[in-house]
Every structure is written in C-alpha cells, then in structure tokens.
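In: I would like the atomic coordinates for the input below:
(2 chains)
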There are 2 protein chains.
Amino acid sequence: MYRSHTCGELRLSHINQEVTLAGWVQRVRNMGGMTFIDLRDRYGITQLSFNLEKDVELCEKARKLGREFVIQIGGIVIERESKNKQLATGEIEIEVSSFSVLNASDTPPFTIEDDTDGGEELRMRYRYLDLRRNPLKQNLQLRHKLAIETRKYMDALEFMEIETPYLIKSTPEGARDFVVPSRMHGGEFYALPQSPQTFKQILMVGGYDRYFQIVRCFRDEDLRADRQPEFTQIDCEMAFVEQEDILNTFEGLVRHLFKSVKGIELPEFVRMFYSDAMAKYGSDKPDLRFGMEFVELNDVAKNQGFQLFDDSELIIGINASGAGEFTRKQLDELTDFVKRPQIGAKGLIYCKVNEDGTFKSSVDKFFDQEKLAAWAVKCDAKPGDLILVLAGETNKTRKQMNELRLEMGNQLGLRKKGEYRPMWVLDFPLLEWDEDSQRFYAMHHPFTSPKLEQAHLLDTDPGKVNANAYDMVINGVELGGGSIRIHDQDLQSKMFSILGFSKEEAQKQFGFLLGAFKYGAPPHGGIAFGFDRLAAMFGGTDSIRDYIAFPKNNAGRDLMIDSPSTIADDQLDELSLLVNLKSE
Amino acid sequence: MYRSHTCGELRLSHINQEVTLAGWVQRVRNMGGMTFIDLRDRYGITQLSFNLEKDVELCEKARKLGREFVIQIGGIVIERESKNKQLATGEIEIEVSSFSVLNASDTPPFTIEDDTDGGEELRMRYRYLDLRRNPLKQNLQLRHKLAIETRKYMDALEFMEIETPYLIKSTPEGARDFVVPSRMHGGEFYALPQSPQTFKQILMVGGYDRYFQIVRCFRDEDLRADRQPEFTQIDCEMAFVEQEDILNTFEGLVRHLFKSVKGIELPEFVRMFYSDAMAKYGSDKPDLRFGMEFVELNDVAKNQGFQLFDDSELIIGINASGAGEFTRKQLDELTDFVKRPQIGAKGLIYCKVNEDGTFKSSVDKFFDQEKLAAWAVKCDAKPGDLILVLAGETNKTRKQMNELRLEMGNQLGLRKKGEYRPMWVLDFPLLEWDEDSQRFYAMHHPFTSPKLEQAHLLDTDPGKVNANAYDMVINGVELGGGSIRIHDQDLQSKMFSILGFSKEEAQKQFGFLLGAFKYGAPPHGGIAFGFDRLAAMFGGTDSIRDYIAFPKNNAGRDLMIDSPSTIADDQLDELSLLVNLKSE
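Out: Predicted coordinates:
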C-alpha cells in the first residue's frame, strides 16, 4: 500500500503519528519561508507543510510540484496554527519529511475545482479530469449508495436479481433498436434490449415470482438534452399480485431510499387518476409541491361577449396567490412566455384582486367587476392574488396552462428544493390514436393489461379502455412506471391485433411469449424506475449526464474515446456487411 | 395479493388456519375417495387434499386439473396422516374448500422434475419451463446470493460500483468485438466491451481509488461448450496499491463468499510462481486437492539405452500412490488416454512397486531393478504405488502429464467434491511469441506492468520479462486474474511498440488512455472474476450454462426467442448498411 491513511482521515487524535499519504497536488502555496500543499484523494484534502529553514532541499523540490502531480509523502501529523473549519482534516497538517513523485502531470486544460472554468465539451473530452472534481465524485458516490440500498431492500423482500441477456432480438414496436450483426450467422442480427420487458415476464412464467435487476437499456433515438442512448433501469416484476401490491411494494422502496440515503421521511403518496391529473394540472406528472390547481371557468367566462373565450372549448384559470403585485412588465413577460412557439398560447388574460377587493383585469372591457368577482369566487382568489387565464382547445390549453403553472411555481418560489411530494398517477389510457398512421399505439407497451371490467370495449371502442398502468411521480418528475400485464394468450393476441400486428407478425416477433402463455402463466405485473433520473433527483439537479461516469453527448458520441468510429474492412467482411453511405 | 402464504411456508404451527395459496399443479393423485394435488411455487410444494365424499363437485373439478395449471385455492391447514419428512411442508396439508383456475396449461413437452426427460435443445427452446425445475431455480438463487454478498464485501471496503458504458470503441487487440452500427453517424460503429479494462483504469486516473462492477462482457468468438458470447465479470480495480494488497483484498472476497454462501472456511491460499506451476503440474491452474507432483527423471532415466528417453528433452514421472494394483487393462486404457489426439503422447511408461519391494515396469528390458529403484527414490514411491512416466519436448510433455495427472486424480477419487484448495499463480510471463504472425502478444493484456526490476530486458530480450500478473485458481479452475497496470505513458508506449502497434495505431486506439496518463495517473492494479464460472463452482457443476437464466447455444443462438434473426430492409437502410452474403 502506498499510504497508511487517506487524505480525508487524519484528525487531532493522530497528532505526532508518522504517516504516509499519497494523492494529487491540488495547489501549492508559498508563504515566506513556508510552502503549503493541499494533497487530494477520493476521501478528502490534507494540508502538507514544508519549512524552508528546516529542509531547504525538500522545500525547494516541493515548490517545483505542479497541479495534479501524484506524490507520496512521509511525515508527522501536527496541529495547525490556523485551523480550517470547512475541512474535515482542517485541524491538522503534515510536516513532511520526505516525498517522491509517483507521476508528473501536464497542466490540466481546466481547473479541478467545484466550479471549474472548463466548458462542457472540453470536460467530456477529458472526462478523467472532470471526474476528479468533487461534484461528480459525490454524484457517483450517491449513485453507488442508491444501488446498494435498492438491492438491500429488494433482497430483504426475497426479490431475486436475475441477469437477462443483452444480445436479444429486434422488435419493430416502440423506439428504434440498436442492432448487433452476427458473424456466425451472416445477414442476421441481435438487438440490444430497450428494456428486459419480455424476459421478466418470461421469468414470471418460469415461476420466479419476484424479480429485479439494475440493468442497462438501449434506445437508438434522436437524442434530446436529457436522453442517453444507453441508460440504467431498476427493473422489477412480481407474480400473483394485484396493482395494489405493486404500489405498496415500490412506495416502500422509494421510501427506504429517501430514508437511508437522504434521511428524509417521505409524506404520504397521493394517488390520482390520469384523467384528474390532466384536468387539474394539465400533466400526467404534476408537481404537487404547490397547489395552483386548474379551475374551469367556462360557466362564468364563456358567452359574455369576449370572442376569444366564446370560441374556446375550455377556459382555465389558476390562482397565483400573492402575485397581485406583479408589475405590468412581469405580466408582459408572462404573456411572452406562454406565446413562445414551444408553448403556443395565443395570449394570456389576467385578473388581479386588489387590496380593496376590486379587480383589475386585462379584459376589463368585456367583464365588469361583478363578473370578475365570479371568477375570483371560482378560483378562491383573495386580495393580493392574481388569476391567470388561458383558453382554447382542451388538450392544448391544459398543456399550456401546465407550463404557466410551473413557471409561476418557480417565480413564486413554490418549488422548494429539499421538499418532496410523491404520488401515483393511475389508470392511464390503454391506447393512443395516431393520426398519421391511422392506428392505435400502446400508451405503455403491448403487454399492458386493460382494466378487465372494460375489456368488452376492446371490440367496440378500444380508445375508451383504461389500463392497469401507473406512474410514480415526485415533484413533477416521472421516476418510474409500470403495469399489470396481460397473462392470457387470447387477450394478448387480441391486443396485438388491435395494434395492427398480423397473426404472422405477432408470432414472428413475440411467438416465444405467446408460447409461454400456453403453459400456465401466472397473473403478474411490474414497474421500472429510471435509475439515472432517480440519482439526479436525489442529487438535486436535472442533468442525468452528471450522474453517469462516461456519458455520451447529444450526438450519441463519447468524446473521450472518440466513438463511434470506423472499423476495419476485414471486420465488415467477416460480418457480411457493406457500408452504403448515401451522398447528401 | 393472490395468496396469504407461499407454498413453502406452512408448518404444524399453522394448523386450523384458513389460508389462500396460488401456484402450479405439480401432480394430481387420485386415491379412492381422495384426490391429492402437489401445488408448487418458487418457495416449495404444499399438498392439497380434496375429499370426494365431502364435496363431490369440487373434487371432480380438481381431478380435471392438468400438470402446470395455475390455480388459486382456499382452505384450512390440517395435519397430515402420513407425514413426508423430505418436504419442509410435509407435516401438513390443505383441506381445500374452494379453488379457481388462474390459467390453464398445455401439457409441457418435458417433465418439470429435478431429473427431466427433456433434451438440452428442447429445454432451451422452452426455457421458461426448464426454469421451473428445482436445479435451475437453486442455481439462480445461488447466483443472486453470490452477487449480494460480493457487493456487501466490496461496499464495506469502500469500493464504489461504477457503471461503465456498453457502447464503446472497437480495438483490434484480443478477441473479436461485437460491433453496433451507428445510425446517426453512418459508416461508424460502437463496439460492445470485452471487459471494462480501459474504463476502470480511467477511473483510477480519475481518482476513484477503489472500483468494482458486476458487469456484462462480450466476445465474438467461435464458441466452445463452456463459452458464451456474453458473460458476466466481477471487475475490480484499486489505486495506490501493490500486488500484495490486491491479493489480500480478493482472497478476502472469495473467503467471504465461501463463508457466507456455503459456510466453508477456506484453507490458506497457496502461492506459486507460474514457472513452478508449469514445472510441478504442467498447468497454470493446477488442482491442488491432491499431490502427484511432477518428478524430473532425466538424471536417472536418460542415457540408459532407451531410445525414447534418450531423445527426450524432459522425462517426467508421477507417483500414483496406491495404484500399484492397476490391471493390465487399466494400464492399457491409460496408454490409450494419453495417446488420444487431444493429448498426443507417443506412449506411456509405467513402473509398479510390488508389495515385496521389487519393480515391474513396461521398460524392464532397458532398466534393471536397481535402476528402477532409483526412479522410486526420486518419486518417493512405496510398495503398492505406481509410477507413470511421459517423455518428450518439455512443454508438450508437461501438458500431457497434466492431463494424465488429472485423470489419475479422478480415477483414484482424489478430486473430492466439497473440498476446496485455493491458490494464487504469480509472475506470469509478460509476452507470448506467436510463430505464425512472428510477433509478441500480451499474455494478459497490453496494460499489464512488467516486473520493474526486469524492465531493462524489454529492449534486449522481452520474452524473458515477467509480469506483475496473477491468477486465482481453485481446484484447477481459474476463477479470476489480474495484474498491476502500467501507469507511465512512456512505458505504455513502449509496450504498444513491442506489441507491433505503430505510434499512429496506438494513438488511434488508445489515445485517450495515453492522454490520461499525462495528467497524473496513480499506480494501480486490479482483477476480474468470471462470475458465471464462480457460480458454477459454488454450485458444484461444470456447465456455466446452467447458471445463466437465458444462455445461448454453441452456435451463439438463443433458441427461445430465435435470435439472431434478419432485420427489415429499412432498418438496414437507416444504418447505411448492405448485407453482403458470400455464396459458399
């Protein structure tokens, strides 16, 4: 071992001990006859001191050290004259008696500090340097801890972690697969799993009862800022259960993680139907840290002569309580906000409730004080409050109002860090109609069970059928989702047919699952959590990339290893492939 | 929940309780007025009883149940008349008052019993049925337990589990890569990792100090019976350590696993140099459950007029103690054994030590009693022992004798199940010379550090240099291997050049690692264990396939999902690829 202690370990109780440390030079400071070096490793920072008078040679040598040199030192723990309370080791320093350079370092292209001067691309290219910074170290430590605690909880409940294959079979449903050409079977391909969905169901058919896996998944999508081509899931499945059992089990998991990792006791999980979430918050993942619920104003605002409202399917108000003091400028900015193309509202109506109980609205012309009072009653608005109104086609208006509500939550400081409001969203629709392809798609996936009491509607009005599907949402972030699965081969075949699969296609793609269902498939269901997202939520930030050791950029490229890249012609040849680039 | 208890849970203490169980029908037995059903789930088997007199309808319904039907039953726990001591639940049975069929089952194509009548291909095709059998269930349970205990041990030592990417970059060194075409970057490919080797080294450069990961690895090799295209490793790396630290840490891991999973306290780990292992056992993974060490007989057997010996570089004897009674037939069979083409010896010489102290040898003509006595002294052979001798070119003879020694160990019952003899093999050669390509290959991998005291030989006689590389071997099975790594950019560049990489090639393939080494790489080293192999050893069998939930066959094919398979033309098109099958 190159060290007797780590750089985060020494305290006053170690005074006068001879120690050996190894680590990276964080900084060198020369103060008259003294030189101080902050030595860093994964565990912390320890101050080293060199006295020019006591040992000229050693001190001069120390002064030549550059940032990020790796050194090993020997010395004695002494009490510091000026203590640093910010640092766990801040009461001591090492009076160094010898050291050696284990490895030199070029000057890093950016500073290894909590707030670095390196841009994102530079830091991704030199990921090994970026990983030395505390924030990333803490993120990966957090991720490790979450994985450990997840497994502890699942193991205690007799869930078995079972590894499912990564070289599987391409299916046309859902997102695009990454494929892997087979050398032994020329012209054939494996696919990387978008999730272990069918395998975990097969495990239930195999009698495994309680399965989980922290597992990598792959999706060849055009990437958005917060998507990665490979990502990690906590994937779970149970047999002989109903929806209620799954909700309780995984409420328990997330409760355990918050308690053990953050010391936080989560409040009760709110349960809300999908249809209510859409009506009250315009979102299937509402942030419940604050109210500001949608109020339907059709009966008090429609048919009053204001054309915009009269032409609208839905008029929604929210009460931004306490925002009655918003200035004209702030209101204009809000209007600009909702009119941005990403949101697409035509305009924003407001109504302030003045301190004297009168109203000031942007549509005073059309609505007198009495009529505005009716709005206020509906919205439970008091003096000092601000009612914001959007109107138009139902779904669009809800989506727009969702954005406005979240923005108001931000502006009024209602989305507090460190406060967590967990919920389940229940009873998602089974199917979504796609206008372009004129067919239904599974909202969750083709294995999701319809509510059996609505199953008769599958033949007559499938769009009306709800699913035994649920999402766990905390603070507006979807952490996980799942469903009770179909375990009956006839119902599964019917689902495939509603989704436009011919019998032959269904057999070709999912024959093994339909086959398995012939041999005594138990009732089962499950859930999957986005592990990267979970870690980011626990870390208190939005970017999942900061919680992945080696992420890819928005173009799916690993800048550090410079991948993807071309391969040799004989490799292609062995795989029976030709590259066929189209000219642009 | 479909059940109040599992099928493995009920005991005499539950007598008279009303319970609900769910599971699979293992068998139905009709005995006069009674019908008994064995109900099975993951946890065990519980006997259900139906009384024809008490409830004709229910009993008749039960008699119609087939094997593997999934049923839910309600009833009362009663004491059995004839108890079954073999079964954990064998003292009770359930007097069933109601049941429902949750799912029917076709008759399975093979029996779901410990000893099934299904052939391997059939069982792989219907893996979901094979997985219901106890042996597979126990194997996967064992594997889960091993993973849990591995993580427990590693976490306690402050190792962080860090996920490394699966979409990486193809490198020409080592086995063939599986590649993944990139859609976004036409003509470019990711590769699936053969191991996270470079990433774990990058993590050491990044200051992570103690890393591990239970991780999938991929190799596109022509498969042998015990190889899988995807397999799982316990992958580990440490910084600021020397070889000794790594040996101690991972001796500790394997000790912990044996203790916690099997309740076995392992004996001391023998340490043996590679050169000694080859000289004494003809193998770099000797089975130390028995002795029978090689004895070099050159000085007592060469130049005595026996041509075969006189022409040989090496003459090796082993003492098969107690095998002096072997018959002529047995000795002939041993001769046939060593002459098989896979082993390739020209013949086998024996010398029995009779009870009266005289000798009987197949080369009596050339060696008189006195000369044979000299062999016996060398081999420490006593009356009743059998000396077996092979001779020829050194390396070939050692390999042949290794096979013969293991065979004799089998025949004499010296390779006892349940006995474990762990060891480290140390100081492997750094390089292997390949005659075909007339170049050196890294015996471990290109990142392995030479013994620094021999580093000067790299320029003059690289084949003589040993590596800081080590293998953990138990009972002749290599469980894991690793090395101290190079952390100096100049030494790493030199290694690449010895391995025949041009500067440009090295830069293109491993530029990121050489780059990382410029910024303060710490001394580091690591090890990786084959997790499938480890599970198989713990389970007491040889076939890793039985410890993988969804293995592939020898042709790399998943028979259950029928993969690999062709993909759609537009998928190929999006990937800028053409399939180019050669006509055979």
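In: how about residue A:415, what does it touch?
Out: Contacts for residue A:415 were tallied using Cβ atoms under 8 Å, 6 or more residues apart in numbering or on different chains; they are A:287, A:289, A:290, A:406, A:409, A:475, A:476. All C-beta atoms are positioned from the backbone trio N, CA, C, and that covers glycine.
In: how about low-confidence regions in the stretch 101-250 of chain A?
Out: Along the stretch 101-250 of chain A, the model assigns pLDDT under 70 to residues A:172-173, A:225.
In: just the helices in it please.
Out: For the stretch 101-250 of chain A, the helices defined by DSSP state H, counting those that start in this stretch occupy A:120-125, A:127-130, A:134-156, A:197-205, A:243-262.
In: as JSON lines, those helices with distance to chain B would be great.
Out: Output for the helices of the stretch 101-250 of chain A, formatted as JSON lines (distance: least, Cβ to the nearest Cβ, whole Å):
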{"stretch": "helix A:120-125", "distance to chain B": "9"}
{"stretch": "helix A:127-130", "distance to chain B": "4"}
{"stretch": "helix A:134-156", "distance to chain B": "5"}
{"stretch": "helix A:197-205", "distance to chain B": "5"}
{"stretch": "helix A:243-262", "distance to chain B": "5"}
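In: for residue A:97, find the nearest of the ones you listed.
Out: Between residue A:97 and these, the shortest gap by Cβ to Cβ is with helix A:134-156, which sits at 29.2 Å.
In: OK, contacts around residue A:577?
Out: So residue A:577 contacts A:181, B:577, B:578, B:579, B:580 (Cβ under 8 Å, 6+ apart).
In: each with direction, which strands does the host helix or strand of the third one pair with?
Out: Counting by DSSP states H and E, the element that carries residue B:578 is strand B:577-579. Its sheet considered, strand B:577-579 pairs with strand A:577-579 (antiparallel) by DSSP bridges.
In: show me which residues of the stretch 1-150 of chain A sit near chain B.
Out: Within reach of chain B by Cβ under 8 Å from any Cβ of the partner chain, the stretch 1-150 of chain A has these residues: A:1-3, A:22, A:24, A:40-43, A:68-70, A:102-106, A:108, A:126-132, A:137, A:140-141, A:143-144, A:147-148.
In: tell me, how many residues neighbour the closest residue to chain B within the stretch 151-300 of chain A?
Out: Nearest to chain B, among the residues of the stretch 151-300 of chain A, is residue A:206, at 3.4 Å (Cβ to the nearest Cβ). A count of neighbours around residue A:206, defined by other Cβ atoms under 10 Å in any protein chain shown, yields 30.
In: which non-adjacent residue is nearest it?
Out: With Cβ to Cβ, 6 or more residues apart in numbering or on different chains as the criterion, residue A:206 has its nearest non-adjacent residue at 3.4 Å, and that residue is residue B:131.
In: hang on, the earlier thing: so which of the contacts of residue A:415 is the most crowded?
Out: Tallying neighbours with other Cβ under 10 Å puts residue A:287 at the head of the contacts of residue A:415, with 22 neighbours.
In: how about the nearest residue to it, chain neighbours excluded?
Out: Residue A:287 sits nearest to residue A:476 (Cβ to Cβ, 6+ apart), 3.2 Å away.
In: so what's the one you found up against?
Out: Going by Cβ under 8 Å, 6+ apart, residue A:476 touches A:283, A:285, A:286, A:287, A:406, A:415.
In: in helices only, show me the residues you listed.
Out: Mapping those onto helices (DSSP state H) picks out residue A:406.
In: could you chop chain A up by domain?
Out: Domain assignment for chain A by automatic domain parsing gives A:12-103, A:124-271+A:522-584, A:290-411.
In: highest average neighbour count across these?
Out: Across the domains of chain A, the average number of neighbours (mean count of other Cβ atoms under 10 Å in any protein chain shown) peaks for domain A:124-271+A:522-584, which reaches a mean of 20.
In: quick one: the strands in the stretch 451-584 of chain A?
Out: With DSSP state E, counting those that start in this stretch as the criterion, the stretch 451-584 of chain A has strands at A:469-474, A:477-484, A:524-530, A:577-579.
In: which bits of the stretch 351-500 of chain A sit near chain B?
Out: A:487, A:488.
In: now the residue of the stretch 351-500 of chain A found nearest chain B: closest residue in space, sequence neighbours ignored.
Out: Relative to chain B, the nearest point of the stretch 351-500 of chain A is residue A:487 (6.3 Å; Cβ to the nearest Cβ). Counting by Cβ to Cβ, 6+ apart, the nearest residue to residue A:487 once its immediate chain neighbours are dropped is residue A:521, at 4.3 Å.
In: you'd agree that neighbour is up against residue B:104?
Out: No: using Cβ atoms under 8 Å, residue A:521 makes no contact with residue B:104, being 9.9 Å away.
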